[in-house]
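**Student:** Predicted model and sequence below, questions to follow.
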Amino acid sequence: MDRQIGRPAFEAEELLARVGDDQGLLRDIHALLAEDAPPRLAELHTAIAASDPRRVGAAAHYLKGAASNFAATRAMALAERLEQLAEDPDRQTLAQTLAQTLAQPLAQPLTQTLAVAARDLEAEFVRLLADLDAFLGNEV
Amino acid sequence: MDATTQRLLRESGALPPFAMTPEQAAAQTARRLQRFHVVQPPRARGNAVKYTEHGEIDRVDNDLALIEALRSRAGDLPIMALGAGDPTDRRLREAGANAVVPATIPNHDLEFLIHWLCRIHDAGETLPFLTTAELERARPKLEILVADDNPVNRKLTQRLLEQVGHSVRLVENGREAVRAATERRFDVVLMDVQMPEVDGLEATAEIRALESRNRPGQPRMPIVAMTAHAMKGDRERFLNAGFDDYLSKPIRFDQLFAVLENLSASAPGGTCEPSPS
C-alpha cells in the first residue's frame, strides 16, 4: 500500500474521460467533494466510536462511492476494506483474530482496527483533495 | 419532447427490460444499419468507423468514388451516407442518397439517429437529409428524475444529461423520489440503490404500488437502478424489484446513453431489427 503513496491519489486519464474533458465540471465536483467529504469522515469516526457496524458500513460505502467518481483507486480500496470489516461478520472475526495476533488489547480490537483504517482513509482523502487542487491549478 | 418520443416511451412500460453493454448497443445499431445501403465518405470519422466491422459498408476514398457508389447502387435498400461532412451536400442528394448523417455527431447521437431513421423507413416515410439543427430538434428531450444522496453523483449525472438537452430534477433520497414521482410522470427515473431514509429498492416498490393503484393499465415509469455493487445476480434482483434496467457506478457517458436509448428501443415494434424473412 505504501508504495502507492508516491503516486497521484487519482488516475488523471480515467477522471478526465469520466467528466468528458470538462474542466469546469471537474472544478465543480472537486468543490462538492471538498465540502462533502469532511462531514462524512466525521460520521465514520463517530460511528466507529459508537461501535455501530451498520453505520460504519454505510459511511464507508458512501466514501467509496465518492472516491470512485474521481478514479481515486487507493481511497476506494481503503473505504472498501472498512466497509467489509464493518459488514461481514466473518471478516470481523478475522480482524479480531488478526488484532489479537498483533498483541493489541483484547478489549476493543475491532474498534481499534477500524479506527486505524478510518485514519488511513481520512489521510487519503486529504491527499486526494490536495492532488486535485494541484491538478486543476496546473491545468489552468 | 416530440410526439414520437413520447409515444415510444409511453409504450415502453410492459415489456421486458434491457441491460445492454455499450458493445451490445453498438452491435444493435450495426444490425439496424443493415436496413440501409450504407456508404461511408472519405471524411467520416471514428464513431462511424466503429460500425463497419459489423456490417457491409461501402468505404470510399474520395468524393468522386462516393458519388459513383451512390449512382451504381444495386437493390432497393435506401442509401445512407454515414458520417458525411455536409448533410446538405447537393451532389449526394442528386446522386440518390436517401439519408445523410453528419460526421461530427457523438456516438450516443449516432445511435439514436440510426434508430430514428430506421423507424421512419419502416413506417414508409421519406428519409430526411439531416442537418445538425434538425438532429437537435429530432433528439428526444426527456424529463428525468435523478435520486442520489451523493452531491458529486448528482452533479455529474445532471451535467451529462443536460448537455444533450434533457431536463433534470434532482432529489436526495428515496422518500423525495417517491414524492416527486407521484406529483408527475417522468420519462425516466435514475435511482441510486443505496440511500439513507428510504433506499432505492423500497422507493421503487412504493412507486410501483402507487402506479398500480392510481394508474392501473397505464404503462409504468421506466426506473433505472444505479449501483456501485454490480455483483453477479444483481440484474435479476433489480428487475424483480421493479427496475427496468441498471447502471453501474461511477456513471459513464457511454453507458448512461446506451441505457436511455435501450429504454426507448423497448417500445413495441421499436427495436427495428431485420425482419426474420
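**Tutor:** Arrived safely.
**Student:** for chain A, what spans make up the helices?
**Tutor:** Using DSSP state H, the helices of chain A run over A:12-18, A:23-49, A:53-68, A:73-87, A:89-101, A:109-139.
**Student:** Dump those helices to a markdown table, plus mean neighbour count, mean pLDDT and distance to chain B.
**Tutor:** Just so you know, the C-beta spots here come from the backbone N, C-alpha and C atoms, and that holds for glycine as well. Shown next, in a markdown table, are the helices of chain A (neighbours: other CB atoms under 10 Å in any protein chain shown; pLDDT from 0 to 100; distance: least, CB to the nearest CB, whole Å):
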| stretch | mean neighbour count | mean pLDDT | distance to chain B |
| --- | --- | --- | --- |
| helix A:12-18 | 16 | 85 | 6 |
| helix A:23-49 | 17 | 93 | 5 |
| helix A:53-68 | 22 | 91 | 5 |
| helix A:73-87 | 21 | 90 | 10 |
| helix A:89-101 | 13 | 61 | 17 |
| helix A:109-139 | 17 | 88 | 12 |
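**Student:** So residue B:226 is in contact with residue B:194, correct?
**Tutor:** No. Residue B:226 lies out of contact with residue B:194 (CB atoms under 8 Å); the separation is 9.4 Å.
**Student:** and these two? which has more neighbours close in?
**Tutor:** residue B:226 (25 against 20; other CB atoms under 10 Å in any protein chain shown).
**Student:** For my notes, confirm the more buried one occurs in a strand.
**Tutor:** Yes. Counting by DSSP: H, G, I helix; E, B strand; the rest coil, residue B:226 is part of a strand.
**Student:** Now list whatever residues contact both of residue B:226 and residue B:194.
**Tutor:** The contact sets of residue B:226 and residue B:194 overlap at residue B:200 (CB atoms under 8 Å, 6 or more residues apart in numbering or on different chains).
**Student:** so who does the residue of the stretch 1-150 of chain B found nearest chain A touch?
**Tutor:** Relative to chain A, the nearest point of the stretch 1-150 of chain B is residue B:150 (5.7 Å; CB to the nearest CB). Residue B:150 is in contact with A:36, A:62, A:65-66, A:69, B:192, counting by CB under 8 Å, 6+ apart.
**Student:** Could you let me know which of the residues you listed ends up closest to residue B:168?
**Tutor:** Of all the contacts of residue B:150, residue B:168 sits closest to residue B:192, with 14.2 Å by CB to CB.
**Student:** so that closest one touches residue B:145, yeah?
**Tutor:** No. In this structure, residue B:192 is not within contact of residue B:145 by CB under 8 Å, at 11.5 Å.
**Student:** roughly how far apart are the residue of the stretch 1-150 of chain B closest to chain A and residue B:251?
**Tutor:** Residue B:150 sits 11 Å away from residue B:251, going by CB to CB, to the nearest Å.
**Student:** what does residue B:174 give?
**Tutor:** From residue B:174 to residue B:251 the distance is 18 Å (CB to CB).
**Student:** which of these two has more neighbours?
**Tutor:** Taking other CB under 10 Å, residue B:174 and residue B:251 do not tie; residue B:174 has more neighbours (27 against 21).
**Student:** pretty sure residue B:143 is touching residue B:167, no?
**Tutor:** Yes. Using CB under 8 Å, residue B:143 is in contact with residue B:167, at 5.3 Å.
**Student:** still on that earlier bit, of the helices of chain A, which approaches residue B:215 most closely?
**Tutor:** helix A:53-68 (33.0 Å).
**Student:** Return the alpha-carbon coordinates of that closest one using CSV.
**Tutor:** Extracted C-alpha coordinates of helix A:53-68, given in CSV (Å, rounded to 0.1, in the frame of the first residue of the first chain):
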residue,chain,number,x,y,z
PRO,A,53,-21.1,-1.6,12.4
ARG,A,54,-24.2,-0.7,10.2
ARG,A,55,-23.4,3.0,10.4
VAL,A,56,-19.7,2.3,9.8
GLY,A,57,-20.6,0.3,6.8
ALA,A,58,-22.9,2.9,5.4
ALA,A,59,-20.4,5.7,5.9
ALA,A,60,-17.6,3.7,4.3
HIS,A,61,-19.8,2.7,1.3
TYR,A,62,-20.6,6.4,0.8
LEU,A,63,-17.0,7.4,0.8
LYS,A,64,-16.1,4.5,-1.5
GLY,A,65,-18.7,5.9,-4.0
ALA,A,66,-17.3,9.4,-3.6
ALA,A,67,-13.8,8.2,-4.3
SER,A,68,-14.9,6.2,-7.3
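**Student:** what's the distance between that helix and the middle of its chain?
**Tutor:** Between the centre of helix A:53-68 and the centre of its chain there are 8 Å (CA atoms, centre = their mean, to the nearest Å).
**Student:** What is that helix packed up against?
**Tutor:** Applying 3 or more CB pairs under 8 Å, 6 or more residues apart in numbering or on different chains; DSSP states H and E, we find helix A:53-68 packed against helix A:23-49, helix A:73-87, helix A:109-139.
**Student:** So which residues lie in contact with that helix, not counting its own?
**Tutor:** Against helix A:53-68 from outside (CB under 8 Å, 6+ apart): A:33, A:36-37, A:40-41, A:43-44, A:46-48, A:75-76, A:79-80, A:82-83, A:85-87, A:92, A:114, A:121, A:125, A:128, B:149-150, B:152-153, B:194, B:196, B:228, B:249-250.
**Student:** Strands of chain B, residue ranges please.
**Tutor:** B:37-40, B:57-59, B:79-84, B:99-102, B:143-147, B:167-171, B:188-192, B:223-227, B:245-248 (DSSP state E).
**Student:** would you turn those strands into TSV with mean pLDDT and distance to chain A?
**Tutor:** Listed next are these as TSV, based on pLDDT from 0 to 100; distance: least, CB to the nearest CB, whole Å:
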stretch	mean pLDDT	distance to chain A
strand B:37-40	72	25
strand B:57-59	65	27
strand B:79-84	67	21
strand B:99-102	68	19
strand B:143-147	96	14
strand B:167-171	96	13
strand B:188-192	95	9
strand B:223-227	92	10
strand B:245-248	85	10
